[in-house]
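*Asks:* How does the following fold in three dimensions:
(one chain, ligands or ions: 1)
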Amino acid sequence: MPKPQPQTTVLFVCLGNICRSPLAHGIFQHLVNQNNLANKFQIDSCGTGDWHVGNPPDPRSIQTAALYNIDLTTQRARQFDPSTDIQRYQWIIPMDAANKRDLIKLGTPKPQLHLMRSFDPTLKTPQDIPDPYYGGDHGFEKVYQMLTIACQGLLNDTR
Ligand code: 4NP
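*Replies:* Got it, this is the predicted structure:
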């Protein structure tokens, strides 16, 4: 019997789990699939807040991802659960500094936490993935582009 391969576990975190982290999840899963690494990764996303638990991603995230043949429609929002997620996920990836602070307050050890844009090789100091929720549709395309660069960097660092 072949030995089961250890998996790399990655959890993307934002505030509501309907705009940014579902997009990050979809983009990273797509990249992993394209590289034939699906069996090596376990990927999920969640929010620090509970307002949207059980809901699908924001329609603007779904539409933006669909332009790039990425399907987010089966995702459902859930809240970060420190009692299980800290143990289950090696890489916990907040979208912005506020998400990171909230995760630290909830007991996440700092070595497990990496800001999403810390994987963007074009940035000297990591910046936030801005929250597009209250902005226009164009914000989602910008967020998509930022996430794509950072997800490629994350894959390089985790594979
Ligand atoms: P997200 O965006 O954190 O990228 O999912 C938000 C979605 C909803 C809210 C805030 C941010 N909200 O306050 O409902």
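*Asks:* CA-only coordinates of whichever strand or helix holds T9 in PDB, if you can.
*Replies:* T9 is located in strand 8-14, with elements delineated by DSSP states H and E. Only the C-alpha atoms of strand 8-14 are listed here, as PDB (Å, rounded to 0.1, in the frame of the first residue of the first chain):
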ATOM      1  CA  THR A   8      -0.300  21.200   2.900                       C
ATOM      2  CA  THR A   9      -3.300  22.900   4.600                       C
ATOM      3  CA  VAL A  10      -4.200  26.500   3.800                       C
ATOM      4  CA  LEU A  11      -7.000  28.600   5.200                       C
ATOM      5  CA  PHE A  12      -7.800  32.000   3.700                       C
ATOM      6  CA  VAL A  13      -9.400  34.500   6.100                       C
ATOM      7  CA  CYS A  14     -11.300  37.800   5.700                       C
END
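*Asks:* Can you list the helices and strands that it packs against?
*Replies:* Here strand 8-14 touches helix 20-34, strand 41-47, helix 82-88, strand 91-94, helix 97-105, helix 138-158, going by 3 or more Cβ pairs under 8 Å, 6 or more residues apart in numbering; DSSP states H and E. In this view, the C-beta of every residue, glycine as well, is placed from N, C-alpha and C.
*Asks:* Let me know which of those is tucked in deepest.
*Replies:* Highest mean neighbour count among those (mean count of other Cβ atoms under 10 Å): strand 91-94, with a mean of 25.
*Asks:* Show me what it is in contact with.
*Replies:* Outside strand 91-94, the residues within contact range by Cβ atoms under 8 Å, 6 or more residues apart in numbering are 8-14, 24, 85-86, 100, 102-103, 108, 112-116, 154, 158.
*Asks:* From those residues, list the ones also adjacent to the ligand.
*Replies:* C14 (Cβ under 6 Å from any ligand atom).
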